[in-house]
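> The following comprises the amino acid sequence and a computationally predicted model.
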Amino acid sequence: MKGLFVICRKELSDHFSSTRFILLFTVIMMVSLVTAYMVGAGLRDELQGVAKPTLVFLLLFTSPGKFFSLIQFIAFFGPLIGIVLGFDAINKERSTRTLSKVVSQPIYRDAIINGKFLAGVIIIAVMVFSIVMLISGLGLTLIGVVPGPEEIGRLVIYLVLSIFYISFWLGLSILFSITFRSIATSALAAVACWIFLSFFVAIGAGIASDMLAPVEQNAAATNPEMVIRHERVRSVFSLLSPMTLYSEGTTTILDPLRKTTQTILLMGPMERLSLSRFQSPLPLLQSVYLVFPHIISLIAITMIFFAASYIVFMRQEIRST
Amino acid sequence: MDRQPIIECRDLTKIYGQQVAVNHLNLTIYEGEVFGFLGPNGAGKTTTLLMLLGLSEPNAGSATVCGFDPTREPLKVKRVVGYLPENVGFYDDMTALQNIQFVSRLNGIPDDVSLPLIDELLKVVELDTEKTKRVGHFSRGMRQRLGIAEVLIKEPKVVFLDEPTLGLDPDGTAKMLDLICSLSKEKNITIFFSSHLLDQVQKISDRVGIMIKGNLVAVGHIDELAKAKFGLDQGDYTLEEIYMKYFKEGQA
């Protein structure tokens, strides 16, 4: 255990003093601030005419403002944080020949990889937490609405999910840093995975559903089942992307009015009536139930990638050259 | 010699794919001696060191280091054995002090105990004036000496040095050899080192072992080896001549 904390402590001080971390943190801080400000300013105008606004506070995070909302921003750029923190974790130690020195000290070998992962997760937690706190503070001064206990509960879940989501990318990039000897290769591989999983899977899902469940022309009016089937195939495929998993999960958690993760619903007139009549927010627990599969899958893929890097690292032969 | 054996290898074997890196190595090293390990590149010297440290698992045979089996109890072995790899690496953006401190923390030494010890060791290796400078600017010789200081911080009983004088200038080499000698004499540390500089090995070693293609072809005091090879009892054969003879026989 002692070795783990020593490694973790050193990694933390390395991260906090490294130039790339400071650069990345500044950029992310700035964009979050600007986003929050725009959202806050827009929100004040929107709320002017509303008699009794509910759960306004969460709108700070979900409302797209002029460009994009904070959760979209984290979904897009969170992976980059994870990759930057992990892509040279092991192979840098290899190329500076410090790894063989560290493993010849009386510590368990897994202390090295655990310490590095833990340090990364701590950095991620600090980053996400400070961004959320910053926006909350800004929101309080800009719109003057105090969050209730339920809103705080939702924010906490959102925080935890964001930490897992970014840690997934950290685990992935650490895995690459173990398997690839060259730092540039592991960085490129991680970025390629990020682009593929975040952007290409969405396009691929569209193509796959066009092939597997094509929608004929004018079918939307006559054959709604066909449209639904098409939509279902598309959403199954797009869930292969951690970004979709994360954004669907967190949007539902932060927006109590969202009652389903589906984009198209088949509704009769009565259902439509009841939906518009009873536009009340979901309780927190119901929102969690709604995206429980998303949450579990997100946590699971993070664990799987960390476990994979753990196993690969433990089995690798350590030579001084 | 009635000294206690501190390292014992029994039929230690390591196979990489088709190639036998270390072939049934039987070797005993006694407490407090300086043992020079010779052999051409790729003869299996580093592999032997890694197996003795528990960093690499032998395919057959066993070893005992300070009474522990490195395969089964690597942590106990690593606690009492210091290892200086060939071309040791440092965290270049940390100072000499920070580098040593990291190693001492990994060994579980509390900071208040280690700080005076670090000062003392840096004086021994003549780096006390460079304590707060970044290792990135250090010369080869300075890095190597800092490596020795890092090895000594855990107060080891045995020290493995892999090519400690590789790439050092004559002055640096002389300093390094003096340092190794004084460690063995003053602190009674057993030193097991590999090197190519045969005249230097001759100067400081009590005994030498010659390894060629994974086989240990000779072990003993230099005079004994000369006697066995040339049938003379004068010690006027240099280690280089003895080594070349073994080397040519091993290649044939």
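Cool, got the structure.

> and residue B:47, what is it in contact with?
Contact analysis of residue B:47 by C-beta atoms under 8 Å, 6 or more residues apart in numbering or on different chains lists B:14, B:21, B:22, B:56. Placement of C-beta: from N, CA and C, glycine included.

> and those, which of them are in helices?
When DSSP state H is applied, the contacts of residue B:47 are split such that none fall in helices.

> closest to chain A among the residues you listed?
Among the contacts of residue B:47, residue B:56 lies closest to chain A (C-beta to the nearest C-beta), at 6.7 Å.

> Look up how far residue B:23 lies from the closest one.
From residue B:56 over to residue B:23 the distance is 15 Å, taken as C-beta to C-beta, to the nearest Å.

> returning to that earlier point: if you rank the contacts of residue B:47 by neighbours, which is first?
Of these, residue B:22 is surrounded by the most neighbours, 28 neighbours in total, counting by other C-beta atoms under 10 Å in any protein chain shown.

> Tell me which helix or strand residue A:300 sits in.
Following DSSP states H and E, one finds residue A:300 within helix A:292-315.

> Packing partners of that helix?
Here helix A:292-315 touches helix A:110-143, helix A:149-179, helix A:242-254, going by 3 or more C-beta pairs under 8 Å, 6 or more residues apart in numbering or on different chains; DSSP states H and E.

> residues in contact with the residue lying closest to residue B:212 once chain neighbours are set aside?
Residue nearest to residue B:212 in three dimensions, not counting chain neighbours: residue B:250, with 3.3 Å by C-beta to C-beta, 6 or more residues apart in numbering or on different chains. By C-beta under 8 Å, 6+ apart, residue B:250 lies in contact with B:212, B:213, B:215, B:217.

> Assign residue B:250 to helix, strand or coil.
Following DSSP: H, G, I helix; E, B strand; the rest coil, we place residue B:250 in the helix state.

> Same question for residue B:58.
coil.

> who's in contact with it?
B:12, B:13, B:14, B:22, B:51, B:71.

> between these, which is closest to residue A:69?
Nearest to residue A:69 out of the contacts of residue B:58 is residue B:71 (C-beta to C-beta; 55.8 Å).

> Run through the stretch 51-200 of chain A and note the low-pLDDT ranges.
Along the stretch 51-200 of chain A, the parts satisfying pLDDT under 70 run over A:51-54, A:65-67.

> State the distance from the residue of it found nearest chain B to residue A:71.
Nearest residue of the stretch 51-200 of chain A to chain B: residue A:97, at 2.9 Å (C-beta to the nearest C-beta). According to C-beta to C-beta, residue A:97 stands 43 Å off from residue A:71.

> And the two? Which one has more around it.
residue A:71 (23 against 16).

> Could you pull out the helices in chain B for me?
So, for chain B - with DSSP H - the helices run B:45-53, B:74-80, B:96-106, B:111-124, B:140-152, B:170-187, B:198-204, B:222-230, B:239-251.

> can I assume residue A:187 is in contact with residue A:88?
Yes: Residue A:187 is in contact with residue A:88 according to C-beta atoms under 8 Å; the separation is 7.3 Å.

> mean confidence score for stretch A:229-249?
Mean per-residue pLDDT for stretch A:229-249: 88.
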